[in-house]
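Engineer: Following is a predicted model, sequence given first.
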Amino acid sequence: MDALLTQVPIAAAVGAVLLLAALGLNFTFGQMGVINMAHGEFLMVGAYTAFALQAWAGLGGAAVLVALPVAFAVTALMGLALERGLIRHFYGRPLDTLLLTFGVSLLLQQLARDVFGAPNVDVAAPSWLAGGTSVLGVWLHHSRLFIILLAAVAVAAIALSIARSRSGRYMRAVLHDRDLAAVSGIPVGRVDAATFAVGSGLAGVAGVALALIGPIGPSIGSSYIVDAFLVVVVGGLGQLRGAVIAAFALGALNAYSELWTGASLAKVVVFAVIIAFLQARPQGLFSVKTRALA
Amino acid sequence: MLEVEGVCAGYGRAQVLFDVSVRAESGAVTCVMGRNGVGKTTLLNTVAGLLPATAGRVVLDGTDITRARPHRRVRDGIGYAPQGHGTFAPMTVAENISVAREAAGRAGPEAVEEALELFPRLRPLLDRRAGFLSGGQAQQLAIARALVTAPKLLVLDEPTEGIQPSIVAEIEEVIRTVAERGVAVLLVEQYMDVALRLADEVAVIDAGRVVHSGPRTSLEDGEAQKLIAI
Ligand SMILES: Nc1ncnc2c1ncn2[C@@H]1O[C@H](COP(=O)(O)OP(=O)(O)OP(=O)(O)O)[C@@H](O)[C@H]1O
Ligand SMILES: [Mg+2]
């Protein structure tokens, strides 16, 4: 029982990272039908942004905080460039998009190897996140608490802006019916680009959180992308609530199967199934009739 | 106001429209008629920019908009309620209306009030999700959404299809009012009686070609009627 309880905080933290990563995938797949295989690499870029700010810019513990907006901006711009430069020209051709973005993903991993080296690196948490608190006999790392809080704030901000802001209304309109949105005067292409940028930016933020959980390496994105896709599939498209539940369920699954070897092969199989599933049933496992973002 | 000149269009290799020319004047209702599948919706989609014209020109108010994207055309003054009373189902009635007004950027908030005056039945439904509206309510919302963009040209695709007679009468009244205010109305309508009540001009399409056009009175001719008979 004790062993089970001690895993709760890490499970929740991993779930929070997955949630942030899955939100972007959810947007881009739900709205544009794009399966972006390079999305995981935005996590990696976010994580290395934190590393670079700490090791190179000498920001020390503050690097993690500074990295949050910086990683968001960097990965949002990368996402924007990817959408405008590449993906936009292949809308309606999911297989081509899949292969292209897979190529981009490999490219980005190689780039990371060249710039940061192949071995894993560590990002040190700021001193005020280093400690922990014992709650009901469970040791709660402050950094994990921070990650959970970060995800909560990000999800709340996204939910609020989707529900209340003008761009949120545009996004929901495009998500529901692109043609109807276009003939209502909504600049569909620009909404796509903005959605892609925000989704990628969230992955960058998730990457910073990842750097707090453990060591980071050039291929860290690919180990999370499978689960992030799984969150999208299980949670249902455009379903914020579904995504939250699925993310934390998977976070738990991950935390408890950590010791199980052979997990990486299982993941490859799971990933292949997910991709096939998304092609056949893009609305997800548990979808409601209207794809409301609620 | 609107001139469609020699337009050809289709889906992939299947050409649907052949050298179609239609005009819609300000303050008048131009009615496009024809049997199922002759290309009426296809024509409206090329006017709205959802489907590219492979030949010919679409001219709005003297400006060639043949290559303009749909949202640009809305900003230039085309309001479109597509066939099947489509709405943004997960959004409320109020959001459906405001999103179009904001996006078009042609009218201030007062346009919402004006649209609600034309469709008073929508007023108590403002907070309801559009997906929960009846067909008649959804159609009124679809037209209201097109109207809050303050269009110079209002394009309606079978707004009376499958809707109960009392609501049809209200929709007809709105179309008449809008035209009287100087808007050009391009209306696809299958019901002869509705067309005879509303139209100033008619164009009949058959197999992707305009086979008859003229003032409403020309519909009384038996030959024209035969082309429309379902
Ligand atoms: N998206 C599409 N892809 C391929 N063919 C299409 C598509 N939409 C319509 N068509 C075909 O184009 C032709 C014209 O269709 P269109 O919808 O313009 O007819 P319509 O006159 O509006 O008919 P209705 O009165 O039933 O609304 C039809 O033969 C139809 O099958
Ligand atoms: Mg039609």
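Structural biologist: Structure's in. What do you need? Ligands and ions are numbered 1, 2, ... in the order given.

Engineer: what kind of secondary structure is the closest residue to residue B:203 other than its chain neighbours in?
Structural biologist: Nearest non-adjacent residue to residue B:203, counting by CB to CB, 6 or more residues apart in numbering or on different chains: residue B:213, 4.3 Å away. Bear in mind the C-beta positions are built from the backbone N, C-alpha and C, glycine included. Three-state assignment for residue B:213 (DSSP: H, G, I helix; E, B strand; the rest coil): strand.

Engineer: Against residue B:206, how distant is residue B:213?
Structural biologist: 12 Å (CB to CB, to the nearest Å).

Engineer: Now the phi/psi pair for the closest residue to ligand 2 within the stretch 151-294 of chain A, please.
Structural biologist: Among all residues of the stretch 151-294 of chain A, residue A:179 sits closest to ligand 2, at 13.9 Å; criterion: CB to the ion. Dihedral angles of residue A:179 (phi, psi; degrees, to the nearest 10) stand at phi -70, psi -40.

Engineer: now swap in residue B:17 and tell me
Structural biologist: With angles defined as degrees, to the nearest 10, residue B:17 sits at phi -110, psi 130.

Engineer: Same question for residue B:15.
Structural biologist: phi -80, psi 130.

Engineer: What's opposite the closest residue to it other than its chain neighbours in the beta bridge?
Structural biologist: Residue nearest to residue B:15 in three dimensions, not counting chain neighbours: residue B:8, with 6.4 Å by CB to CB, 6+ apart. When assigned by DSSP bridges, residue B:8 has beta-bridge partners residue B:55.

Engineer: Would you mind measuring from residue B:8 to ligand 1?
Structural biologist: 13 Å (CB to the nearest ligand atom, to the nearest Å).

Engineer: Run through the residues that contact that residue.
Structural biologist: B:15, B:17, B:18, B:19, B:20, B:53, B:54, B:55, B:56 (CB atoms under 8 Å, 6 or more residues apart in numbering or on different chains).

Engineer: and the closest residue to chain B within the stretch 1-150 of chain A, how many neighbours does it have?
Structural biologist: Taking CB to the nearest CB, chain B has its nearest neighbour within the stretch 1-150 of chain A at residue A:30, 11.9 Å off. Here the number of neighbours of residue A:30 (other CB atoms under 10 Å in any protein chain shown) works out to 24.

Engineer: could you say what helices and strands the helix or strand harbouring residue A:191 packs with?
Structural biologist: When elements are assigned from DSSP states H and E, residue A:191 belongs to helix A:188-213. On a contact count with 3 or more CB pairs under 8 Å, 6 or more residues apart in numbering or on different chains; DSSP states H and E, helix A:188-213 meets helix A:8-32, helix A:39-55, helix A:63-85, helix A:142-164, helix A:166-176, helix A:178-182, helix A:220-235.

Engineer: That helix to helix A:142-164, inter-axis angle?
Structural biologist: 170 degrees (axes from the mean of the first three to the mean of the last three CA atoms, to 10 degrees).

Engineer: So the residue of the stretch 151-294 of chain A closest to ligand 2 versus residue B:51, what's the distance?
Structural biologist: With CB to CB as the criterion, residue A:179 and residue B:51 are 10 Å apart.

Engineer: More neighbours: which of those two?
Structural biologist: residue B:51 (21 against 18).

Engineer: re the thing from before, surely the residue of the stretch 1-150 of chain A closest to chain B is in contact with residue A:175?
Structural biologist: Yes. Counting by CB atoms under 8 Å, residue A:175 is a contact partner of residue A:30 at 5.8 Å.

Engineer: about what we covered before: go through the helices and strands packed on helix A:188-213 and name the closest to residue B:225.
Structural biologist: Each of the helices and strands packed on helix A:188-213 was scored for nearness to residue B:225 using CB to CB, and the closest is helix A:178-182 (33.3 Å).

Engineer: Tell me the residue of chain B that sits nearest ligand 2?
Structural biologist: residue B:41 (3.1 Å).

Engineer: for whichever helix in chain B runs longest, which positions count as buried?
Structural biologist: Counting residues, the longest helix found in chain B (DSSP state H) is helix B:165-180. For helix B:165-180, burial by neighbour count (16 or more other CB atoms under 10 Å in any protein chain shown) applies to B:167, B:168, B:170, B:171, B:172, B:174, B:175, B:178, B:179.

Engineer: Tabulate these in CSV, adding columns for distance to residue B:220 and pLDDT.
Structural biologist: What follows is the buried residues of helix B:165-180, written out as CSV (distance: CB to CB, whole Å; pLDDT from 0 to 100):
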residue, distance to residue B:220, pLDDT
B:167, 27, 93
B:168, 22, 94
B:170, 26, 95
B:171, 24, 96
B:172, 20, 96
B:174, 26, 97
B:175, 21, 97
B:178, 25, 97
B:179, 21, 97
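
Engineer: Any chance of those in JSON lines with distance to residue A:111 as columns?
Structural biologist: JSON lines is the format used below for those (distance: CB to CB, whole Å):
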{"residue": "B:167", "distance to residue A:111": "61"}
{"residue": "B:168", "distance to residue A:111": "63"}
{"residue": "B:170", "distance to residue A:111": "62"}
{"residue": "B:171", "distance to residue A:111": "59"}
{"residue": "B:172", "distance to residue A:111": "64"}
{"residue": "B:174", "distance to residue A:111": "59"}
{"residue": "B:175", "distance to residue A:111": "59"}
{"residue": "B:178", "distance to residue A:111": "58"}
{"residue": "B:179", "distance to residue A:111": "61"}
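
Engineer: secondary structure class for the residue lying closest to residue B:191 once chain neighbours are set aside?
Structural biologist: Excluding the flanking residues, the one nearest residue B:191 by CB to CB, 6+ apart is residue B:160, at 6.2 Å. Following three-state DSSP, residue B:160 is assigned to coil.

Engineer: Run through the residues that contact residue B:160.
Structural biologist: B:168, B:171, B:172, B:189, B:191, B:194.

Engineer: With only the CA atoms kept, save the worst-scoring helix or strand of chain B on mean pLDDT in PDB.
Structural biologist: Least confident helix or strand, chain B: helix B:222-228 with a mean of 71, by mean pLDDT, DSSP states H and E. Output in PDB follows, covering the C-alpha atoms of helix B:222-228 (Å, rounded to 0.1, in the frame of the first residue of the first chain):
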ATOM      1  CA  GLY B 222     -45.100  26.700 -69.500                       C
ATOM      2  CA  GLU B 223     -41.800  25.800 -71.000                       C
ATOM      3  CA  ALA B 224     -39.900  27.400 -68.100                       C
ATOM      4  CA  GLN B 225     -42.200  25.600 -65.600                       C
ATOM      5  CA  LYS B 226     -41.400  22.300 -67.200                       C
ATOM      6  CA  LEU B 227     -37.700  22.800 -66.500                       C
ATOM      7  CA  ILE B 228     -38.300  23.100 -62.800                       C
END
